[in-house]
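Visitor: Coordinates for the following, if possible.
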Amino acid sequence: MSNQFAATILDQPVILAPMSGITDQPFRRLVREFGVDVVVSEMIASASQVKGSRISSERARWAVDEGLRVVQLAGCQTEPMALAAAMNQDQGADVIDINMGCPVKKVVGGAAGSALMRDEAHALRLIEAVVGAVDIPVTLKMRTGWDDAHRNAPSLAARAEGAGVAMITVHGRTRCQFYDGHADWDFIAEVAGAVNIPVIANGDVNCVEDAAQMLQRSGAAGVMIGRGAFGRPWFPAQVRHYLATGRHLAEPDMAVQRDTAIGHYRAILEHYGAGRGLRIARKHINRYLERLNVAKEDRRAVLRQGDGGAVIRQLGEAYDKAMAREAA
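Guide: Below is the predicted model:
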């Protein structure tokens with residue numbers, strides 16, 4: 001593991017998870033501005049990037065001020081995975097993360113993501129190909145296994161360590177659980193006990209106390225936060241503060257939250273262009289409004305808008321109403 005990567009993980013063991021359609025450049029920048037430096041790109045299809053896909057290439061771009069650059073690759077063939085890893089290293093990536101945890105049917109149906117956990121020998125060949133293609137650290141994200149009868153994460157983790165993987169993240173569910181039930185933080189401890197490299201725990205961190213309990217039960221070196229940060233990009237920094245000090249960092253006041261949501265919206269439009277940005281921003285705007293307890297019909301009225309200025313105005317009004325309720 002590179003000195004920079006190791007020092008960063010030890011200093012602040014809180015990582016923003018890769019989330020397709022969410023952890024693009026505007027969102028990563030927001031999370032970093034609030035105080036968490038280790039953020040992971042959206043999942044990039046290795047074969048598509050090698051072929052020059054516009055979307056894959058876009059996901060692999062980083063701003064000059066983004067600091068540590070962690071790029072997650074998905075695929076099921078050794079050659080495209082190795083080529084894509086080398087391409088990203090050449091473009092400035094600091095870490096390559098291999099996806100063996102995505103449960104989505106489209107990815108699994110292509111024998112990638114968590115489907116790779118069903119064939120450890122092939123998974124190992126992919127890992128070896130990526131490690132051999134780059135001079136930067138390679139990490140691995142996985143689930144506990146394919147289903148309850150095949151929870152082989154400890155075995156695969158040990159083999160990945162032997163192949164040169166520098167760190168492993170485990171989402172505490174099987175693929176067949178998708179996001180149902182509860183993440184099994186105790187099982188992650190079995191993975192941590194099977195290797196000598198850092199293990200990061202992932203799954204169901206929705207408040208700062210969750211993160212502390214997850215670390216205690218899993219024995220992990222750090223936590224990775226995914227859906228808990230969606231609609232509140234300040235949350236990973238709150239977790240970092242709590243783990244470091246034992247004290248709660250207050251929610252940003254409503255005016256800061258309003259400015260964050262509006263600033264995020266503007267950044268999306270700037271990054272993607274007005275037409276495409278309007279569509280991409282909807283999931284984020286819906287989540288911000290949902291966290292404000294805005295009724296579904298009122299959220300839909302905002303999301304149906306085709307004018308960016310109107311969306312900004314309505315967003316501001318929603319936060320103004322929330323501030324008025326707080327003051328009442």
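Visitor: the domain parsing of this protein - what is it?
Guide: What automatic domain parsing lists as the domains of the chain is 3-245, 254-327.
Visitor: Pick the most deeply packed of those domains.
Guide: Most buried of these by mean neighbour count (mean count of other C-beta atoms under 10 Å) is domain 3-245; its value is a mean of 20. Every C-beta, even on glycine, is put in place using the N, C-alpha and C of the backbone.
Visitor: pLDDT averaged over it, what's the number?
Guide: Taken as a whole, domain 3-245 has an average pLDDT of 94.
Visitor: give me every residue that touches Ser53.
Guide: For Ser53, the contacting residues are Ala45, by C-beta atoms under 8 Å, 6 or more residues apart in numbering.
Visitor: Relative to Arg266, how far out is the closest residue to Ala274 other than its chain neighbours?
Guide: Using C-beta to C-beta, 6 or more residues apart in numbering and skipping residues adjacent in sequence, the residue nearest Ala274 is Gly308, 6.1 Å away. Taking C-beta to C-beta, to the nearest Å as the measure, Gly308 falls 8 Å from Arg266.
Visitor: repeat for Asn286
Guide: Per C-beta to C-beta, Asn286 is found 17 Å from Arg266.
Visitor: Tell me where the stretch 151-300 of the chain has helices.
Guide: 153-162, 185-194, 208-218, 235-245, 254-272, 274-291, 296-303 (DSSP state H, counting those that start in this stretch).
Visitor: Let me have the ones you listed in TSV, adding distance to Val104 as columns.
Guide: Output for these, formatted as TSV (distance: least, C-beta to C-beta, whole Å):
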stretch	distance to Val104
helix 153-162	19
helix 185-194	22
helix 208-218	24
helix 235-245	23
helix 254-272	22
helix 274-291	16
helix 296-303	23
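Visitor: out of these, which comes closest to Gln91?
Guide: Gln91 lies closest to helix 254-272 among the helices of the stretch 151-300 of the chain, at 17.6 Å (C-beta to C-beta).
Visitor: got the angle between that closest one and helix 274-291?
Guide: 150 degrees (axes from the mean of the first three to the mean of the last three C-alpha atoms, to 10 degrees).
Visitor: Pro236 and Ile225 touch, don't they?
Guide: Yes. The pair Pro236 / Ile225 is scored as a contact, 5.0 Å apart, by C-beta atoms under 8 Å.
Visitor: Find the residues that touch each one of the two.
Guide: 14-16.
Visitor: and which of these is nearest Thr174?
Guide: Once C-beta to C-beta is applied, the member of the shared contacts of Pro236 and Ile225 that ends up nearest Thr174 is Ile15, at 21.6 Å.
Visitor: Surely that closest one is in contact with Val40?
Guide: Yes. Ile15 lies in contact with Val40 (C-beta under 8 Å); the separation is 6.7 Å.
Visitor: Once you drop chain neighbours, what's closest to Pro154?
Guide: Spatial nearest neighbour of Pro154, chain neighbours left out: Ala194 (3.9 Å); criterion: C-beta to C-beta, 6+ apart.
Visitor: for the one you found, what are its contacts?
Guide: For Ala194, the contacting residues are 154-155, 157-158, by C-beta under 8 Å, 6+ apart.
Visitor: dump the residue contacts of the residue nearest to Ala129 when sequence neighbours are not counted.
Guide: Excluding the flanking residues, the one nearest Ala129 by C-beta to C-beta, 6+ apart is Thr78, at 3.9 Å. Contact analysis of Thr78 by C-beta under 8 Å, 6+ apart lists 125-126, 129.
Visitor: Excluding chain neighbours, what is closest to Asp180?
Guide: The nearest residue in space to Asp180 (C-beta to C-beta, 6+ apart) is Arg173, at 7.8 Å.
Visitor: Next, the contact list for that neighbour, please.
Guide: 143-144, 179-181, 183-184, 203.
Visitor: Could you dump these into JSON lines with distance to Phe27 added?
Guide: As requested, these are exported to JSON lines (distance: C-beta to C-beta, whole Å):
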{"residue": "Arg143", "distance to Phe27": "23"}
{"residue": "Thr144", "distance to Phe27": "27"}
{"residue": "Tyr179", "distance to Phe27": "19"}
{"residue": "Asp180", "distance to Phe27": "25"}
{"residue": "Gly181", "distance to Phe27": "27"}
{"residue": "Ala183", "distance to Phe27": "22"}
{"residue": "Asp184", "distance to Phe27": "28"}
{"residue": "Gly203", "distance to Phe27": "20"}
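Visitor: Sort out which one of the residues you listed lies nearest Ala63 for me.
Guide: Nearest member of those to Ala63, counting by C-beta to C-beta, is Gly203, at 28.7 Å.
Visitor: and that closest one, what does it touch?
Guide: Gly203 sits in contact with 171-173, 183, 185, 214, 226, where contact means C-beta under 8 Å, 6+ apart.
Visitor: Kind regards, and thank you for your time.
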